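>>> Kindly generate the corresponding structure for this input.
(one chain, ligands or ions: 1)
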Amino acid sequence: MKYFDVIVVGGGAAGFFAAINLAELNPKLSVAILEKNKEGLQKVKISGGGRCNVTHAEFIPSELVTHYPRGEKELLGPFHSFMTGDTIEWFEKRGVTLKIEEDGRMFPESDSSQTIIDCFLSQSKKVGVEIFYKQSLVKVEKEQDLFTLATQDSHFNCEKLLVATGSSVKTWKLLETLGHTIIPPVPSLFTFNIKDARINSIPGVVANNVEVHILDSNLFSEGPLLATHWGLSAPAVLKLSAFGALELANRDYKFKIEINFIRQSLEETIDHLKEFKLQLAKKLVHKQSLFDLPKRLWKQLVLAAGINEDEKWADLTKVQMENLSEQLTRAQFQVDGKSTFKEEFVTAGGVDLKEINFKTFESKIVENLYLAGEVINVDAITGGFNFQNAWTGGFLAAKAMSQ
Ligand SMILES: Cc1cc2nc3c(=O)[nH]c(=O)nc-3n(C[C@H](O)[C@H](O)[C@H](O)COP(=O)(O)OP(=O)(O)OC[C@H]3O[C@@H](n4cnc5c(N)ncnc54)[C@H](O)[C@@H]3O)c2cc1C
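Purely as a prediction, here's the structure:
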């Protein structure tokens, strides 16, 4: 039986960040990480396409929380104590400079997630965190203020325990044995499968600023939209997949969406088309893209409105004009299934937020048990926000455990 003052289960983003900060804040404590794989930080390694989108350049807590479909209310307090600016400073002090991209995402200057991993490994060594690889937690009990942890081949004791196992169904089951409620996991951050010539025939085309609405719901989003061979992707869709994660799972990922490609009303659009009809009378309708739409998308919407390639603006009937306005502002698509967004995917669900004290990330059910990262029912849209949840929870849990 090995004893440590604090054991962190899970050598991922939240686990390493917490263990390092804890050992720094209170060097007297013995701190260990138990990681089930032969290496830790595997998600950090593949994150952000191998570049690790560490955080996001959003420095107002009330703005930052709006990127969390689950956790918006609960993370406001924690972000006032540790957020993006602190993350940047933390890495900077340890020799890792982060850079901001145009859309606000922040990456290490090296553009390599290995920089983050090297930083965590060298810092852990420096502050004396012991790391046990190939140690998968299989049982946890608490007796007389002491936790007993069983892995497949060892036993450990500790006074304080941080569970940072990410989206691990097995660990959620163990936490249930300690009395915690687990909100059932469902995927978040996915793309929509759609079979429709309007988009499948123009893979790679991006409409920069569209509005998407999931019909029969109050789920809306706006932003760029990417056509793919199998459907739709990019921020306008990913945001909906995150904010609608539960509802879309309930609908078994079969639902209708309506897209406003030009963010104008139907009536305004009809008026504009009437003007074009006069100005462009002798021109072929499909040839010249209007409303700043990509050429290939414009052509698909024109064809879908029942306007042939040889028709000129002057030839258009009232019905064709109305159809085109519909296609531009209220185009409906049937979604049938989802695909994984390779850059980043997360799981909604986890330990019920009502059971966590967000000043310390300590469990309200079991004293001296702490929970941080994706193991709790927090997840965010893409852009560096998921790691920020791991850093914030890891830091505040470390601070509380150091006392
Ligand atoms: C492909 C991909 C790319 C991503 N890119 C980004 C990005 O660029 N920016 C961003 O903000 N977010 C990104 N994310 C999300 C981000 O990786 C997670 O939100 C984050 O890693 C969560 O941190 P965590 O410490 O809670 O969990 P994890 O990083 O998943 O770590 C959990 C650790 O616990 C270990 N573990 C699990 N069960 C046990 C057990 N029973 N015993 C011992 N150890 C156990 C696991 O092996 C793992 O090492 C990405 C996700 C994916 C899948």
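>>> what residues does the stretch 251-400 of the chain put near the ligand?
Residues of the stretch 251-400 of the chain that fall close to the ligand, judged by CB under 6 Å from any ligand atom: Glu344, Phe345, Val346, Gly373, Glu374, Val375, Gly384, Phe385, Asn386, Phe387, Ala390. Where you see a C-beta, it was placed from the backbone N, CA and C, and this is true even at glycine.
>>> and of those residues, the nearest to the ligand?
Nearest to the ligand out of these is Gly373 (CB to the nearest ligand atom; 2.2 Å).
>>> related to what we said a few turns ago, which ones among the residues of the stretch 251-400 of the chain next to the ligand are found in strands?
Counting by DSSP state E, the part of these found in strands is Val346.
>>> Now do the strands for the stretch 101-250 of the chain: every range, in order, please.
Assigned by DSSP state E, counting those that start in this stretch, the stretch 101-250 of the chain shows strands spanning 105-108, 130-132, 137-143, 146-151, 155-163, 182-188, 190-193, 206-214, 220-227, 231-233.
>>> Of all the ones you listed, which one comes closest to Ser265?
Each of those has some distance to Ser265 by CB to CB; the shortest is strand 206-214, at 11.2 Å.
>>> Can you mark which positions in that closest one are buried?
Residues of strand 206-214 classed as buried by neighbour count (16 or more other CB atoms under 10 Å): Ala207, Val210, Glu211, Val212, His213, Ile214.
>>> Would you convert the strands of the stretch 101-250 of the chain into CSV that also reports distance to the ligand and mean pLDDT?
Shown next, in CSV, are the strands of the stretch 101-250 of the chain (distance: least, CB to the nearest ligand atom, whole Å; pLDDT from 0 to 100):
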stretch, distance to the ligand, mean pLDDT
strand 105-108, 8, 98
strand 130-132, 9, 98
strand 137-143, 4, 96
strand 146-151, 7, 98
strand 155-163, 9, 98
strand 182-188, 10, 96
strand 190-193, 12, 97
strand 206-214, 20, 97
strand 220-227, 18, 96
strand 231-233, 15, 96
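>>> For Leu76, find the nearest of those strands.
The nearest among the strands of the stretch 101-250 of the chain, by CB to CB, is strand 182-188 at 19.6 Å.
>>> Pairing partners for the closest one, with directions?
strand 346-351 (antiparallel) (DSSP bridges).
>>> Please dump the strands of the stretch 101-250 of the chain into CSV; it should also carry distance to Thr87 for every row.
Listed next are the strands of the stretch 101-250 of the chain as CSV, based on distance: least, CB to CB, whole Å:
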stretch, distance to Thr87
strand 105-108, 8
strand 130-132, 22
strand 137-143, 27
strand 146-151, 29
strand 155-163, 19
strand 182-188, 22
strand 190-193, 26
strand 206-214, 29
strand 220-227, 24
strand 231-233, 27
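>>> among the residues of the stretch 251-400 of the chain next to the ligand, who's most crowded?
Neighbour tally across these (other CB atoms under 10 Å): the maximum, 31 neighbours, falls on Gly373.
>>> Pull the most distant pair out of the residues of the stretch 251-400 of the chain next to the ligand.
Longest span within those, CB to CB: Val375 and Gly384, 19.2 Å.
>>> pretty sure Gly301 is touching Leu324, no?
Rather than Gly, residue 301 is Leu. Yes - applying CB atoms under 8 Å as the test, Leu301 and Leu324 come out as touching, 7.0 Å apart.
>>> In the protein, which residue sits nearest the ligand?
Gly12 (1.8 Å).
>>> Show the pLDDT at that residue.
Here, the pLDDT recorded for Gly12 equals 98.
>>> Count residues in the vicinity of the closest residue to it other than its chain neighbours, would you?
Leaving aside its sequence neighbours, Gly12 sits nearest to Gly166 (CB to CB, 6 or more residues apart in numbering; 5.3 Å). Using other CB under 10 Å, Gly166 has 20 neighbouring residues.
>>> One more: Ser201?
Neighbours of Ser201 under the rule other CB under 10 Å: 14.
>>> residue contacts, the residue lying closest to it once chain neighbours are set aside?
Leaving aside its chain neighbours, Ser201 sits nearest to Gln300 (6.5 Å; criterion: CB to CB, 6+ apart). Neighbour list for Gln300: Ala197, Arg198, Ile199, Ser201, Ile202 [criterion: CB atoms under 8 Å, 6 or more residues apart in numbering].
>>> And Val210, by the same measure?
Neighbours of Val210 in contact, by CB under 8 Å, 6+ apart: Glu222, Gly223, Pro224, Leu225, Ala236, Ile259, Asn260, Phe261, Arg263.
>>> 6 Å instead?
Residues near Val210 by CB atoms under 6 Å, 6 or more residues apart in numbering: Leu225, Ala236, Ile259, Phe261.
>>> now it, nearest residue through space, not along the chain?
Excluding its sequence neighbours, the residue lying closest to Val210 (CB to CB, 6+ apart) is Leu225, at 4.7 Å.
>>> Hmm, that neighbour is touching Ala234, no?
Yes - at 5.2 Å, Leu225 counts as touching Ala234 under the criterion of CB atoms under 6 Å.
>>> Looking at those two, which one has more neighbours?
Leu225 (24 against 20).
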